[in-house]
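*Asks:* Provided below are the primary sequence and the corresponding predicted coordinates.
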Amino acid sequence: MNNKFYITTPLYYVNAAPHIGHSYTCIAADCLSRYYRNLGHKVHFLTGTDEHGQKIQRAAEAQGLEPKVFADKAVSVFKGLWETLNISYDDFIRTTESRHEKAVQKVLEILYKKGELYEHVYQGWYCTPCETFWSESQIQAGNCPDCKRPVEKIEEKNYFFKLSKYQDWLIDHIKSHQDFIFPPSRREEVLRFLELNKLSDLCISRPKERLSWGIPLPFSPNHVTYVWFDALINYISAVGSFDKNDKYQSEWWPADLHLIGKDILRQHAVYWPIMLKALDIQPPKTIFAHGWWMIDSSKMSKSRGNVVNPIEMVDKFGVDVYRYFLLRDVPFGMDGNFSEDAIIKRQNGDLANDLGNLVYRTLTMIEKYFQGEITNVEINLKNKQAKEIEEKINALDSMIKTNMGEKDYNFSLALEPIWELINLANKYIEDTKPWNLAKENKTGELKEFIAVLVKVIRKTADAIYPFMPFTSEAIKQQVGKDNISKGKPLFPRIE
RNA sequence: CGCGGGGUGGAGCAGACUGGUAGCUCGUCAGGCUCAUAACCUGAAGGUCGGACGUUCAAAUCGUCCCCCCGCAACCA
C-alpha cells in the first residue's frame, strides 16, 4: 500500500453557492488525482459538504426550509458543478450522513473516556438579535461588533477539548516534519503562532437551546457538536472506522494530502492534528494551503458583490480553459488575480497560438504532403533540434513530477516544461522550413521531420491529461496511435 | 515596536537562503516566413530592483531605520 494516495478537499460549507475558490481546490485535487492514477497509484479522492451549524440553520429558516432539505438542495448544486468541471472524486461525504455522525459520536465518546474533554462554565457576551457569542476582547464598548446593539453577559456550560495539552507536541511535530505544512511560508506562520501564543482549549459544544442543528454529544444530550470539530472528522469517517478497542482502522489513512485554502489553515494545522493525536491516530502527511483569487486586487466576498460564479466562466471559456487558467496563472500557494482578460490571454497565447496551432499546422502538413498517412516512420534525424526535442521528451515526465508532489506542489511550474516542448516544436518547424523540403521533393526527410512533430504532440497530449482531460482526449482523437485525422482547431482565438 | 506576506522595465511574476554582467510571460516597435487559428520565428526599445544609511573590492541579494499595500489577531465555518 505504499503507492496509495489519499487526497482530500475541505468540506464546503453549504450556506452559500460555490464560487471560483471552491472550484479551485477541487480542480487542483482532481489534477493530482488524475496524475497519480496515471502513475499507477491507488488514489482515493474525497470531497464533500459541511452541513451543520448556526449559519445553515439560519439560512434554512430564512427560506422556510428544514436544514436538511436546505442542505440537500445545496449539495445538488455542488455535485452538479463538480460534474461540469470534470472532477473525478471517489467519494463525496456529507456531515449529515449517518456514517459520519456515528464516527463523530464515537470520537467524542473516546475522548470523553480518555479525559480529553472536560466541562467548563463559560462566561461571555451574547448578542440576542444576532444569536452570536462574543468574547471579552471582541465586544466594542459593551456592544455587539456586528450590529452595534448591547450585548448581555451570560454563563453557559460547555465541553472543552484539551488543545493546550498538545501544544509542545505539535511544535515538535511541525519542526521534525518538513513536509507537514506547505508552502514553507505557511509552515513558518503556524510555527510562529504556536511559539508566540499559548493555545487555549477548544470549546467543542453548543447548548441545544441556542443551536439545535448539529450532532448531539453522546454524553450530554443538551449539547450539539461545534461544527469545526464535527467537520474535520470527515477525513477519517469517510475511509475507516474504530474497532472494539477504539483503535482506528483504515486502508487509506493517513491522508497523503489535505488541500485547503489559506483561510482554514489553523483548523487544519492546529486543531486537526491535535484531535488525531488525542485519539492516537497518525497525523496527515501533508497539509497544503493554497492562496486566494482576488477580483481587481480585492478579496472576493458577497458583501462586495464581486463573487465569480464558476459556471459562468465555464459557459464562456469551456472547462479545460478554465482549469488551465486556474492551474497555470499563479504558482500554487500564492494569491492570484482573477479576470476574464487574464483568461483570454491564456487561451489565445498558450492554448490557441502555441498548442492549438501546433497541432493544427502539423495536421495540415500531414494532409497536404502525405494525404493523412504517416505510419511506421523511423526517425534517424541527426540535427541538433531533433535531438534536443528528443531529450526534452525523455526528460519531461521527471520535470513534471518534481512539481506534482515529489518536491513541491506547483501546477504552474509543472506545466512550464510542457510548453517549452511545444515552443521547441514550433521553432523547429520554422527552422526546418518543411514547405521547402516539399518543393525539393525531399520526402524522406520531410516525413521524419513530421514524425518528430507527431511525437511531440502525442507526448503533450499525455502530459496535459491531468490538467485538461477533455483536450488531451481531443488531441488523441486527431493524432492517435493509429489514426490521424484533422479536426476543428482545439482552441479558437478570442478577439 | 502584536504576527505574517509583499513593494523588481507598461502589466503580472522569478531571482534574495549560498552577494559578482537583472531573467521570464504578456504588451509595444521593427523585420522574416507561409505549413498554420492575422497564428509561428528573429531582433529591439524599456528597470538608479519602495526610500535612506551601513557592511563589502562588489548589494535586488547581507545589516539597521523609515514609507506604502495586503492578510491575520483565536470559540460558532
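*Replies:* That came in fine, so what should we check first?

*Asks:* so stretch A:484-495, near RNA strand B or not?
*Replies:* Yes: using Cβ under 7 Å from any atom of the strand, we find that stretch A:484-495 touches RNA strand B at A:Pro489, A:Leu490, A:Phe491, A:Pro492, A:Arg493. Heads up, the C-betas are built off the backbone N, CA and C, glycines and all.

*Asks:* among those residues, which one sits closest to A:Arg34?
*Replies:* A:Leu490 (18.9 Å; Cβ to Cβ).

*Asks:* helix, strand, or coil at that closest one?
*Replies:* What DSSP: H, G, I helix; E, B strand; the rest coil gives for A:Leu490 is coil.

*Asks:* that one contacts A:Phe470, doesn't it?
*Replies:* No: with contact defined as Cβ atoms under 8 Å, A:Leu490 does not reach A:Phe470; the gap is 9.8 Å.

*Asks:* give me the more crowded residue out of those two.
*Replies:* More crowded of A:Leu490 and A:Phe470, by other Cβ atoms under 10 Å: A:Leu490, with 20 against 14.

*Asks:* in space, what's closest to the more buried one - neighbours in sequence excluded?
*Replies:* Once flanking residues are discounted, A:Leu490 sits nearest to A:Gly356: 4.2 Å by Cβ to Cβ, 6 or more residues apart in numbering.

*Asks:* for A:Ile204, give its distance to RNA strand B.
*Replies:* Remark: distance between A:Ile204 and RNA strand B (Cβ to the nearest atom of the strand, to the nearest Å) = 8 Å.

*Asks:* do the same with A:Ser23
*Replies:* A:Ser23 is 14 Å from RNA strand B, where distance means Cβ to the nearest atom of the strand.

*Asks:* same question, A:Leu117
*Replies:* Taking Cβ to the nearest atom of the strand, one finds A:Leu117 at 13 Å from RNA strand B.

*Asks:* need the three-state assignment for A:Ser88.
*Replies:* coil.

*Asks:* now for it, how many residues are close by?
*Replies:* 17.

*Asks:* does stretch A:60-77 reach RNA strand B?
*Replies:* No: counting by Cβ under 7 Å from any atom of the strand, RNA strand B has no neighbours in stretch A:60-77; the shortest distance is 12.5 Å.

*Asks:* and the pLDDT at the closest residue to A:Tyr369 other than its chain neighbours?
*Replies:* Closest residue in space to A:Tyr369, ignoring its immediate chain neighbours: A:Ala438 at 5.5 Å, by Cβ to Cβ, 6+ apart. With respect to pLDDT, A:Ala438 has a value of 91.

*Asks:* the helix or strand A:Ala438 falls within: what's the following helix or strand?
*Replies:* Following DSSP states H and E, one finds A:Ala438 within helix A:434-439. Going down the chain from helix A:434-439, the next helix or strand is helix A:443-464, by DSSP H and E.

*Asks:* show the average pLDDT along that following helix.
*Replies:* Helix A:443-464 comes out at a mean pLDDT of 93.

*Asks:* show residues contacting the following helix or strand past that helix.
*Replies:* Of the helices and strands lying after helix A:443-464 in sequence (DSSP H and E), the nearest is helix A:469-478. The contact list for helix A:469-478 (Cβ atoms under 8 Å, 6 or more residues apart in numbering) reads A:34, A:86, A:319-320, A:359, A:363, A:457-458, A:460-462, A:464-465, A:484-487, A:490.

*Asks:* isn't A:Ile494 right next to A:Gln347, touching?
*Replies:* Yes: A:Ile494 lies in contact with A:Gln347 (Cβ under 8 Å); the separation is 5.9 Å.
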